[in-house]
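**Student:** No letters, just coordinates:
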Ligand code: TXA
Ligand code: MG
């Protein structure tokens, strides 16, 4: 249904009766249910095929709604909320008893986000309870940035998807936790960048899991890190270097059966491959990344060479997702 008044009312009705609904947010589409209702939350895990130990983000519509859900709001969290909420930022805090263990994946913390998207906020307000929502893809496939992507993965599994058009940001929220008086640990990069977070503190630690493949028995700070993600069927190799180096490598090593994921025309000039362009800025790349990964499966791509994004700003978020899609295959040119 379109995300108009009638759609939002129907979504709220379904959510109040313990159902799961596909909802747009500014980052990616979410698979929402009443965060307080264990049965409803179980339906999310079932629809996605998600491991029970991977916690869900809890979405509220204003800062005041956070305090009943947590034991404590760190001072730094208040500062972050002032600067970046509502928006694509998830803050991990110690959870209160109001949040069931099913929702937090058995952890004693909870990730809270106040989305900016007006449909998401309208749905939360109409329900009067917080909405637990992971990205609305099947576990292991790219996050959905359109209602059609959600339909592809969730047709027959959930009763309703609200269609709010394409997501403006295109990659999932930045996830952070707090350490000591003034420390922030980055668990997942997103549109709110490390540079943005530096406005709040200089003490920012980028968790190992953001840029490295973690061993099967590594202790992870965020359960999502240990699961395979965003993986299309094609074998992707990231080529780290400038446009000229990318072009030179591809002209020596690719053929017409290969696909290139590049940033602008000059990257691929004179190359006889299928080309998918992500755009120039980090923001454009973030917006198109997941649709492009789905496109790779649609066109049956087998071998893909991808230009490496900048490792700063939103680029770090694009790189983090691409690394997983490429099973950490990077060649430095
Ligand atoms: O932008 C987003 O964050 C989207 C939209 C729908 O809000 N949601 C989303 O949820 O991406 P999901 O479940 O696909 O990713 C949440 C990530 C997972 O990797 C999870 O492990 C981590 O956040 N996470 C959630 N709660 C956590 C917690 N209490 N401690 C550590 N990591 C947590
Ligand atoms: Mg996800």
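**Tutor:** Noted; the coordinates are in hand. The shown structure was predicted, so the numbers you read here are calculated from the model rather than taken from an experiment. Ligands and ions are numbered 1, 2, ... in the order given.
**Student:** Quick one, grab the pLDDT at the nearest residue to residue 8 once chain neighbours are set aside.
**Tutor:** Closest residue in space to residue 8, ignoring its immediate chain neighbours: residue 122 at 4.9 Å, by CB to CB, 6 or more residues apart in numbering. (C-beta placed from N, C-alpha, C; glycine too.) Residue 122 is assigned a predicted lDDT (pLDDT) of 98.
**Student:** ok so residue 122 is a strand residue?
**Tutor:** No. Counting by DSSP: H, G, I helix; E, B strand; the rest coil, residue 122 is not part of a strand but helix.
**Student:** What's the nearest residue in the stretch 201-333 of the chain when you look at ligand 1?
**Tutor:** Nearest to ligand 1 in the stretch 201-333 of the chain, going by CB to the nearest ligand atom, is residue 224, at a distance of 1.7 Å.
**Student:** Quick check: which element contains the residue nearest to that residue when sequence neighbours are not counted?
**Tutor:** Counting by CB to CB, 6+ apart, residue 54 is the residue found nearest to residue 224 once chain neighbours are left out, at 5.7 Å. Using DSSP states H and E, residue 54 sits within no helix or strand.
**Student:** Now do the contacts for residue 54.
**Tutor:** By CB atoms under 8 Å, 6 or more residues apart in numbering, the contact set of residue 54 is 105, 134, 223, 224, 227.
**Student:** Flag the least confident of these.
**Tutor:** residue 227 (66).
**Student:** So the residue nearest the centre of the chain: helix, strand or coil?
**Tutor:** By CA atoms, centre = their mean, the chain has its centre lying nearest to residue 172, at 2.3 Å. Following three-state DSSP, the label given to residue 172 is coil.
**Student:** The one 4 residues further on now?
**Tutor:** Reducing the assignment to helix, strand or coil with three-state DSSP, the entry for residue 176 is strand.
**Student:** Count the neighbours of it for me.
**Tutor:** Using other CB atoms under 10 Å, residue 176 has 28 neighbouring residues.
**Student:** do the same with residue 282
**Tutor:** Residue 282 has 23 neighbours, counted by other CB under 10 Å.
**Student:** From residue 121, how far off is it?
**Tutor:** Residue 282 sits 26 Å away from residue 121, going by CB to CB, to the nearest Å.
**Student:** Then residue 38?
**Tutor:** Per CB to CB, residue 38 is found 25 Å from residue 121.
**Student:** Could you do residue 260 as well?
**Tutor:** For residue 260, the distance to residue 121 equals 39 Å [CB to CB].
**Student:** Just to be sure, residue 42 is in a helix?
**Tutor:** Yes. Assessed with three-state DSSP, residue 42 lies in a helix.
**Student:** any idea of the pLDDT on it?
**Tutor:** Looking at residue 42, its pLDDT reads 98.
**Student:** Now it: closest residue in space, sequence neighbours ignored.
**Tutor:** The spatially closest residue to residue 42, leaving aside those adjacent along the chain, is residue 102, at 6.2 Å (CB to CB, 6+ apart).
**Student:** re the thing from before, more neighbours: residue 38 and residue 121, which one.
**Tutor:** Neighbours were counted for residue 38 and for residue 121 using other CB under 10 Å; residue 121 has more, 19 against 14.
**Student:** Identify the residues contacting that one.
**Tutor:** 61, 86, 115.
**Student:** Neighbour-wise, which one of those residues leads?
**Tutor:** Counting by other CB under 10 Å, top hit in those: residue 115 with 29 neighbours.
**Student:** isn't that one right next to residue 58, touching?
**Tutor:** No. Using CB atoms under 8 Å, residue 115 is not in contact with residue 58; the gap is 11.2 Å.
**Student:** Report how many residues lie close to the residue nearest to residue 42.
**Tutor:** Residue crowding around residue 102 was assessed by other CB under 10 Å; the count is 20.
**Student:** SS state for it?
**Tutor:** Classified using three-state DSSP, residue 102 is coil.
**Student:** can you tell me which residues contact it?
**Tutor:** For residue 102, the contact set (CB under 8 Å, 6+ apart) comprises 38, 41, 42, 45, 52.
**Student:** Low-confidence bits of the stretch 201-333 of the chain, can you list those?
**Tutor:** Applying pLDDT under 70 to the stretch 201-333 of the chain picks out residues 227-229.
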